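Participant: here is a sequence together with a model predicted from it:
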Number of protein chains: 2
Amino acid sequence: MTDAGNAAYQRLKARFARIAALGEAQAMLHWDASAVMPPGGAAARGEQLATLAGLSHELMVDPGMATDLAEATADGPWDGANLALMRHAQARATALPTALVENSARASAACETVWREARAASDFTRVAPYLAEVVKLQRETAAALSAATGLSPYDALMEGFQRGIGAADVEPIFDAYEAFLRDALPRAEERQARLPPAIEPQGPFAVEVQRALCREMAGRAGLDFNHARLDESLHPFCGGTPSDVRITTRYDPAAFAQALLGVLHETGHALYERGLPDAQARQPVGEAAGMAAHESQSLIIEMQVSRSDAFLGFLGPKLSTAFGGDAAAYAPENLARLWRRVQRGFIRVEADELTYPAHVILRFRLERALIGGELAVADLPGAWNDGFARLLGLTPPDDARGCLQDIHWYDGAFGYFPSYTLGAMAAAQLMRAARIAVPGLDAALAHGDMAPLLGWLRRHVHGQGSRLGFQDLLREATGKPLDPADFTAHLTDRYL
Amino acid sequence: MTDAGNAAYQRLKARFARIAALGEAQAMLHWDASAVMPPGGAAARGEQLATLAGLSHELMVDPGMATDLAEATADGPWDGANLALMRHAQARATALPTALVENSARASAACETVWREARAASDFTRVAPYLAEVVKLQRETAAALSAATGLSPYDALMEGFQRGIGAADVEPIFDAYEAFLRDALPRAEERQARLPPAIEPQGPFAVEVQRALCREMAGRAGLDFNHARLDESLHPFCGGTPSDVRITTRYDPAAFAQALLGVLHETGHALYERGLPDAQARQPVGEAAGMAAHESQSLIIEMQVSRSDAFLGFLGPKLSTAFGGDAAAYAPENLARLWRRVQRGFIRVEADELTYPAHVILRFRLERALIGGELAVADLPGAWNDGFARLLGLTPPDDARGCLQDIHWYDGAFGYFPSYTLGAMAAAQLMRAARIAVPGLDAALAHGDMAPLLGWLRRHVHGQGSRLGFQDLLREATGKPLDPADFTAHLTDRYL
């Protein structure tokens, strides 16, 4: 490494630390807007966020940045990866003309607003021209990013959410899942029908009790409230920064499971952020490895751990003590029946673990076709309903329960959907590897102790930051790239 | 106005709007740090704020800014004032070498940390070398600002908090107040001794009840919670932005008055921010007119209104209903005795309306001598105690109750203290003018209705933004520059 090369690299680290600090400020302002901001603050908040985003982009495309990137040298697994990620981030940022970025942001904001009305009225035609504009600009974005990265246009968008895996990997995996589901779903339904019916716990469930329980469970999963908050927002999420992570949920006095399992889900995200490598803070290589990796961490806590027999054995008595009423409703086997209920439905966010991927597969195929130009926006509702019927045997009664249900496309997020199912699959694969590597993992879960699992995840996932792409992360952690067999084995074990 | 001059002015408006949006983001992050941030987030928050401050400074000293300022022309009361304020802000920013700004920030941060220990141990010697460094850098800062503005060094610092009034105006006003107090204080104490003793309301005062009451009173004063929040923090303050103002307080179950009157104080600040001219949002001329003007708005609500006979007549029964217990404790005349009690004490923030200015006068004289180089840091405790004895006839028993009590100097804020008393005086002057201009103002207060007063303040103070300096603001609102006679008349009426 030359002295000049190293000096340039050190300057780059300072540049990226600044950009990251701006990103942290944006994350906090986003949290504030969702969790505590009075409604009258919305317009000003938009200005603040736009200003920070603009400054961040200016720092990225600064000519001095390009000079430093050309000169810089860095060795070793961390610095080498960091420099490569810097180059990549700058290439993606400079690939997009400012006008395209601004037009895209504007078109997405306009489309999202109209989408809210269109969904409420279940009227796709109302939003179709806005979506057409968003898709047109997304196609331009994809083309520009494709030219800069050498990826296909759709992969170039997907990379914005998850580096290290593309449509060519995803397609066979999703096709195979479709085949698996065609056989597994009727069998799971049959098996379920033979079980005694689940007993619904009877509320009301005092919000204060729910809040304390959620907080306790998040803490038990390893979240340190010296570096975290739990608040409420309409749409639960995990935000903030690694040293100050903010998770939210929504409490319903008539039902507690959504908040509790939601908090455990967000806690999985939060633990990932908390476990990122301190030594790489505010550097690209110190960030989480992508949205699929992130979703694997929320789902490993929510799906793999929290609905496991071992953990339900611990949780049941806790719930019974907290809420009182009929103890049978909190028996672990009843909780299992409640929280592992398979049910075909139209709405992705309400879907069970087995059918959820079908929702994602449909969206993956459709958005790929939209970006590829093979599907016109006007034909989306029909294509959606056909695809849904083929995957789950049901035809959506209206577009509100069809192609209007999710915000993502209307907000300009194309290439994101696969992350959900890639994350679910990675969660199963990581859980299997952890069970093999960590003796007594399930025995610990039976006492509500997630520390052994968390230790393994910290070492093999969280502490790796963004050093590895999705497939390499899995390869180093589990000895193989994404292998959907671990997910289907988990589903077979749990549902068949 | 030339086209080129106007084009340059429009570019400047965009530049300053960006800087203001960065300032709003900083304000929100400050609020978050004080009101909701988990302690583990502090280090990262420091980085975020430093980054935003650095970017803001870079935008201010950008060479393009100087070019635009040289070319720009603007007419009319608003645009003309705005351009002048832009020039002034840029001149102040560019006057300070970056190294001085950074060294100052670092020295203040280090000093503030040591000050917390020194105050706890009442050991001035521990913090003296740190304070000496802060004073040295403040003197350099004052000299640089003096060279850029033509003001004296102390006035140049004072201007950073309040434009349009300097030490030459303040000195005779404060000297006269000292003379007034020498006569008035013993008389007020004598008169008080002849009154029946006040009845202390007996707690506990449930925090939930206090919170609801504070919220109701802030709302009644005119605060719209669609654009505001009320939260808790260790040190109550008013932060946020004009469209999303955040006030805080601290609840003590053993006493309610501090929280309630504190919230009314912060509400006064908040109403000022809320009433700033929308058409000038994010422009220098759209900001509040300075800290003394700001303090006049908090004190007009807390001192002039909330402790007036008229308002206490409304508030007493409300308190009695809220808290129950002995109704005599909430009788308006008892509340008057409680909340207008004169008592010589060592601590500024606990001082009553009559003796408060003595605390400020002492600090004004000492900080002016420190900046002028006539007083050495080592001699501060002695000078403090001498001055305090001369003003209030008491000698502080230790430095914790003397020159260590306030954060301001240790945090590098020199020139701020006069604002408190200038604000108190301006509040009396504005209240008197409002009473003359708005018939029925007290009759409305007797029904808890502050709308007539608020309407007048919106027109004559809030809506003026920063168009006028302190003296001109008062001149346009009340027909004369700051006239302490209105304050002493108010005190004479209330205490003598």
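Facilitator: Received, thanks. Residues are numbered from 1 along each chain as shown, chains lettered A, B, ... in the order given.
Participant: what's around residue A:48, how many residues?
Facilitator: 27 (other CB atoms under 10 Å in any protein chain shown). C-beta here means a position set from N, CA and C on the backbone, and glycine is covered the same way.
Participant: which element is it on?
Facilitator: helix A:42-61 (DSSP states H and E).
Participant: chain center to that helix, what's the gap?
Facilitator: 24 Å (CA atoms, centre = their mean, to the nearest Å).
Participant: against which helices or strands is it packed?
Facilitator: If contacts are counted by 3 or more CB pairs under 8 Å, 6 or more residues apart in numbering or on different chains; DSSP states H and E, helix A:42-61 sits against helix A:3-35, helix A:77-95, helix A:98-121, helix B:3-35.
Participant: try 7 Å
Facilitator: If contacts are counted by 3 or more CB pairs under 7 Å, 6 or more residues apart in numbering or on different chains; DSSP states H and E, helix A:42-61 sits against helix A:3-35, helix A:77-95, helix B:3-35.
Participant: let's have the ones you listed in TSV, adding distance to residue B:66, mean neighbour count and mean pLDDT.
Facilitator: Output for these, formatted as TSV (distance: least, CB to CB, whole Å; neighbours: other CB atoms under 10 Å in any protein chain shown; pLDDT from 0 to 100):
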stretch	distance to residue B:66	mean neighbour count	mean pLDDT
helix A:3-35	23	19	97
helix A:77-95	28	18	97
helix B:3-35	11	19	97
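Participant: dump the ones you listed to CSV, plus distance to residue A:358.
Facilitator: CSV is the format used below for the helices and strands packed on helix A:42-61 (distance: least, CB to CB, whole Å):
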stretch, distance to residue A:358
helix A:3-35, 29
helix A:77-95, 31
helix B:3-35, 41
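Participant: residue A:176 is nearest to which of those?
Facilitator: Closest to residue A:176 of the helices and strands packed on helix A:42-61, according to CB to CB: helix A:77-95, at 30.3 Å.
Participant: so which elements touch that closest one?
Facilitator: helix A:3-35, helix A:42-61, helix A:63-71, helix A:124-149.
Participant: which parts of chain A sit against chain B?
Facilitator: A:18, A:21-22, A:24-25, A:28-29, A:32, A:36-41, A:43-44, A:47-48, A:51-52, A:55, A:225-229, A:241, A:243-244 (CB under 7 Å from any CB of the partner chain).
Participant: is residue A:277 in contact with residue A:286, as I believe?
Facilitator: Yes: in terms of CB atoms under 7 Å, residue A:277 counts as a neighbour of residue A:286; the distance is 5.6 Å.
Participant: separation between the closest residue to chain B within the stretch 1-150 of chain A and residue A:29?
Facilitator: Nearest residue of the stretch 1-150 of chain A to chain B, counting by CB to the nearest CB: residue A:41, 2.9 Å away. Distance of residue A:41 to residue A:29, computed by CB to CB, to the nearest Å: 10 Å.
Participant: give the contact list for residue A:213.
Facilitator: A:260, A:322 (CB atoms under 7 Å, 6 or more residues apart in numbering or on different chains).
Participant: doesn't it fall inside a strand?
Facilitator: No: counting by DSSP: H, G, I helix; E, B strand; the rest coil, residue A:213 falls outside a strand, being helix.
Participant: coming back round to it: can I get the helices and strands packed on helix A:77-95 in TSV with distance to residue A:362?
Facilitator: TSV is the format used below for those (distance: least, CB to CB, whole Å):
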stretch	distance to residue A:362
helix A:3-35	28
helix A:42-61	32
helix A:63-71	40
helix A:124-149	16
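Participant: tally of neighbours for residue A:475?
Facilitator: Neighbours of residue A:475 (other CB under 10 Å): 14.
Participant: without its sequence neighbours, what residue ends up closest to it?
Facilitator: Spatial nearest neighbour of residue A:475, excluding adjacent residues (CB to CB, 6 or more residues apart in numbering or on different chains): residue A:481 at 5.3 Å.
Participant: got the contact list for that neighbour?
Facilitator: A:471, A:474, A:475.
Participant: point out where chain A drops to low pLDDT.
Facilitator: Counting by pLDDT under 70, chain A has low-confidence residues at A:1.
Participant: return the residues in contact with the spatially most central residue of it.
Facilitator: The centroid of chain A falls nearest to residue A:295 when counting by CA atoms, centre = their mean (4.1 Å). Contact partners of residue A:295, counting by CB under 7 Å, 6+ apart, are A:419, A:420, A:423.
Participant: and the helix or strand containing the second one, what does it pack onto?
Facilitator: The secondary structure element spanning residue A:420 is helix A:418-437 (assigned by DSSP H and E). Secondary-structure packing of helix A:418-437 (3+ CB pairs under 7 Å, 6+ apart): helix A:291-299, helix A:356-372, helix A:441-445, helix A:451-460, helix A:470-478, helix A:484-495.
Participant: could I get it in CSV with only the CA atoms?
Facilitator: Extracted in CSV, the C-alpha atoms of helix A:418-437 (Å, rounded to 0.1, in the frame of the first residue of the first chain):
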residue,chain,number,x,y,z
PRO,A,418,-37.6,-10.8,-3.0
SER,A,419,-35.8,-9.8,0.2
TYR,A,420,-38.8,-11.0,2.4
THR,A,421,-38.6,-14.6,1.2
LEU,A,422,-34.8,-14.7,0.8
GLY,A,423,-34.7,-13.6,4.4
ALA,A,424,-37.1,-16.2,5.5
MET,A,425,-35.1,-18.9,3.8
ALA,A,426,-31.8,-17.6,5.2
ALA,A,427,-33.3,-17.5,8.6
ALA,A,428,-34.1,-21.2,8.4
GLN,A,429,-30.6,-21.9,7.1
LEU,A,430,-28.9,-19.9,9.8
MET,A,431,-31.0,-21.4,12.5
ARG,A,432,-30.1,-24.9,11.4
ALA,A,433,-26.4,-24.1,11.3
ALA,A,434,-26.7,-22.4,14.7
ARG,A,435,-28.4,-25.5,16.2
ILE,A,436,-25.6,-27.7,14.9
ALA,A,437,-22.8,-25.3,16.1
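Participant: nearest residue to the residue of the stretch 1-150 of chain A closest to chain B other than its sequence neighbours?
Facilitator: residue B:244 (2.9 Å).
Participant: over to residue A:203?
Facilitator: Nearest residue to residue A:203 in three dimensions, chain neighbours excluded: residue A:254, at 5.0 Å (CB to CB, 6+ apart).
Participant: you'd agree that neighbour is up against residue A:204?
Facilitator: Yes: judged on CB under 7 Å, residue A:254 makes contact with residue A:204 at a distance of 6.3 Å.
Participant: those two: which is more packed in?
Facilitator: Neighbours per residue (other CB under 10 Å) separate residue A:254 from residue A:204, with residue A:204 holding more: 12 against 9.
Participant: need phi/psi at the closest residue to that one other than its chain neighbours.
Facilitator: In space, and not counting its chain neighbours, residue A:204 is closest to residue A:253: 4.6 Å by CB to CB, 6+ apart. Torsion angles at residue A:253 (phi, psi; degrees, to the nearest 10) stand at phi -60, psi -20.
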